[in-house]
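Undergrad: Would you be able to build a 3D model of this:
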Amino acid sequence: MQVKLDMDDVTISLGNKGVTLKIADNEGKHVGSLRIGQATVEWRHGRIREGNGKTIKMAELIEMLDALE
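TA: Below is the predicted model:
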(Lines give C-alpha, C1' and ligand atoms only; values in the text may rest on other atoms or scores of the structure.)
Protein backbone atom coordinates (compact mmCIF):
# COMPACT_ATOMS: atom_id res chain seq x y z
CA MET A 1 0.00 0.00 0.00
CA GLN A 2 1.10 3.54 -0.68
CA VAL A 3 0.17 6.51 1.43
CA LYS A 4 2.32 9.53 0.69
CA LEU A 5 2.59 12.46 3.06
CA ASP A 6 5.53 14.83 2.79
CA MET A 7 5.17 17.23 5.70
CA ASP A 8 7.75 18.66 8.05
CA ASP A 9 6.62 20.64 11.10
CA VAL A 10 3.06 21.00 9.76
CA THR A 11 -0.02 21.48 11.89
CA ILE A 12 -3.38 20.64 10.31
CA SER A 13 -6.65 21.82 11.80
CA LEU A 14 -9.57 19.77 10.53
CA GLY A 15 -12.51 21.76 9.22
CA ASN A 16 -16.02 20.46 8.63
CA LYS A 17 -14.93 18.14 5.80
CA GLY A 18 -11.78 16.80 7.48
CA VAL A 19 -8.81 15.52 5.52
CA THR A 20 -8.86 12.77 2.87
CA LEU A 21 -6.00 10.34 2.27
CA LYS A 22 -5.90 8.68 -1.15
CA ILE A 23 -4.68 5.07 -0.82
CA ALA A 24 -2.98 3.20 -3.70
CA ASP A 25 -1.42 -0.26 -3.99
CA ASN A 26 2.29 -0.76 -4.68
CA GLU A 27 1.71 -0.38 -8.43
CA GLY A 28 0.00 2.98 -7.94
CA LYS A 29 -3.55 1.69 -8.59
CA HIS A 30 -6.22 3.49 -6.55
CA VAL A 31 -7.57 1.32 -3.70
CA GLY A 32 -9.75 3.83 -1.88
CA SER A 33 -9.91 6.94 0.26
CA LEU A 34 -9.79 7.42 4.00
CA ARG A 35 -11.49 10.58 5.27
CA ILE A 36 -10.61 11.65 8.80
CA GLY A 37 -13.03 14.14 10.29
CA GLN A 38 -13.36 15.69 13.72
CA ALA A 39 -15.81 13.06 14.95
CA THR A 40 -15.76 10.24 12.38
CA VAL A 41 -13.51 8.27 10.06
CA GLU A 42 -14.87 7.09 6.69
CA TRP A 43 -13.37 4.41 4.42
CA ARG A 44 -14.43 4.57 0.76
CA HIS A 45 -13.25 1.50 -1.16
CA GLY A 46 -12.73 2.18 -4.86
CA ARG A 47 -14.37 5.28 -6.32
CA ILE A 48 -17.29 5.58 -3.87
CA ARG A 49 -18.52 9.14 -3.31
CA GLU A 50 -18.02 10.98 -0.04
CA GLY A 51 -20.74 10.10 2.47
CA ASN A 52 -21.38 6.63 0.96
CA GLY A 53 -18.48 4.79 2.59
CA LYS A 54 -18.17 2.88 5.83
CA THR A 55 -17.99 5.19 8.84
CA ILE A 56 -16.96 4.77 12.44
CA LYS A 57 -16.88 7.27 15.26
CA MET A 58 -13.40 8.49 16.12
CA ALA A 59 -13.79 7.40 19.75
CA GLU A 60 -14.74 3.85 18.67
CA LEU A 61 -11.75 3.66 16.31
CA ILE A 62 -9.41 4.73 19.10
CA GLU A 63 -10.88 2.09 21.43
CA MET A 64 -10.40 -0.59 18.75
CA LEU A 65 -6.80 0.44 18.14
CA ASP A 66 -6.02 0.55 21.86
CA ALA A 67 -7.39 -3.00 22.20
CA LEU A 68 -4.90 -4.38 19.63
CA GLU A 69 -1.99 -6.25 21.08
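Undergrad: Excluding sequence neighbours, find me the nearest residue to the most centrally placed residue in the chain.
TA: Taking C-alpha atoms, centre = their mean, the centroid of the chain lies closest to residue 34, which sits 2.6 Å from it. Nearest residue to residue 34, sequence neighbours excluded (C-beta to C-beta, 6 or more residues apart in numbering): residue 21, at 4.6 Å. Yep, even glycine has a C-beta here, placed from its N, CA and C like the rest.
Undergrad: show me what contacts the residue nearest to the centre of the chain?
TA: 20, 21, 23, 41, 42, 43, 44 (C-beta atoms under 8 Å, 6 or more residues apart in numbering).
Undergrad: could these be laid out in JSON lines, adding neighbour count and distance to residue 61?
TA: Shown next, in JSON lines, are the contacts of residue 34 (neighbours: other C-beta atoms under 10 Å; distance: C-beta to C-beta, whole Å):
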{"residue": "20", "neighbour count": "14", "distance to residue 61": "16"}
{"residue": "21", "neighbour count": "12", "distance to residue 61": "14"}
{"residue": "23", "neighbour count": "17", "distance to residue 61": "16"}
{"residue": "41", "neighbour count": "18", "distance to residue 61": "5"}
{"residue": "42", "neighbour count": "19", "distance to residue 61": "11"}
{"residue": "43", "neighbour count": "14", "distance to residue 61": "10"}
{"residue": "44", "neighbour count": "19", "distance to residue 61": "15"}
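Undergrad: Quick one, grab the pLDDT at the residue in the chain sticking out farthest from the centre.
TA: Relative to the centre of the chain, and counting by C-alpha atoms, centre = their mean, the farthest-placed residue is residue 69 at 21.7 Å. You'll see residue 69 listed with a pLDDT of 83.
Undergrad: closest to residue 30 among the contacts of residue 34?
TA: Within these, distances to residue 30 taken as C-beta to C-beta reach their minimum at residue 23, with 7.6 Å.
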